[in-house]
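Peer 1: Fold the following and give me the result.
(chains A, B, C and D)
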Number of protein chains: 2
Amino acid sequence: MDSEIRRLRAEHDLSQADLARLVGVSRQTINAIETGRYDPSLTLAARLARHFGKAIEEVFHVQDS
Amino acid sequence: MDSEIRRLRAEHDLSQADLARLVGVSRQTINAIETGRYDPSLTLAARLARHFGKAIEEVFHVQDS
DNA sequence: TCCATATGACAAGCCTGCTTGACATCGCTC
DNA sequence: GAGCGATGTCAAGCAGGCTTGTCATATGGA
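Peer 2: Prediction:
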């Protein structure tokens, strides 16, 4: 799953650890999402999108399979 | 996680099995989501929302915690 | 050079999304 | 009453999200 997390995080001048703390997950989870090693849960995707004031679909580009 | 799936499915006159087939999961998965036994993955949430022409946030009401 | 911060990644373990297969119940129609 | 579609739920099993802990590497500043 492709996402805008890395870009948004950079725009907001946050480290992976900062963002992780802000949305309540571990640093490794943010890293794994940014590097595409796994997809976030719906709950985490919603928290991340909300944090950046965006819709989930604007932040995560789900395959239209 | 609270959702509009049951209402939307009824509006579209679909059985759980119909909707399951349309989005490519098992009937039990749709049932479990409707009865709140578990939350869908981001991918499935996106497929369901897209099927009904809605944003994910309009269909799934994620706790704001 | 040394230290701190940031990032990438791995392993083990837990929890849960999702599967197939099965069974029960309900409401409807024959 | 028998059969059928729809729904609810359970069990076992697999896959993957997420955790903590750890290590390696790069970069920048004192």
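Peer 1: So the longest helix anywhere in chain A, near chain B or not?
Peer 2: Ranked by residue count under DSSP state H, the longest helix found in chain A is helix A:42-51. Yes: Helix A:42-51 comes into contact with chain B (C-beta under 8 Å from any C-beta of the partner chain), by way of A:Leu42, A:Thr43, A:Ala45, A:Ala46, A:Arg47, A:Arg50. C-beta here means a position set from N, CA and C on the backbone, and glycine is covered the same way.
Peer 1: show me what contacts the first one?
Peer 2: Going by C-beta atoms under 8 Å, 6 or more residues apart in numbering or on different chains, A:Leu42 touches B:Met1, B:Asp39, B:Pro40, B:Ser41, B:Leu42, B:Ala45, B:Ile56, B:Phe60, B:Val62.
Peer 1: if we go to 6 Å?
Peer 2: Contacts for A:Leu42 were tallied using C-beta atoms under 6 Å, 6 or more residues apart in numbering or on different chains; they are B:Asp39, B:Pro40, B:Leu42, B:Ala45.
Peer 1: For DNA strand C, give me its nearest residue in chain A.
Peer 2: For chain A, the residue closest to DNA strand C is A:Ser15, as judged by C-beta to the nearest atom of the strand, at 3.3 Å.
Peer 1: Do stretch A:34-49 and DNA strand C come into contact?
Peer 2: Yes: using C-beta under 7 Å from any atom of the strand, we find that stretch A:34-49 touches DNA strand C at A:Glu34, A:Thr35, A:Arg37, A:Ser41.
Peer 1: How about the most centrally placed residue in chain A: what's its closest non-neighbour residue?
Peer 2: With distances taken as C-alpha atoms, centre = their mean, the residue of chain A nearest its centroid is A:Ile5 (4.3 Å). Counting by C-beta to C-beta, 6 or more residues apart in numbering or on different chains, A:Ile5 lies nearest to A:Glu34, which is 5.5 Å off, once chain neighbours are set aside.
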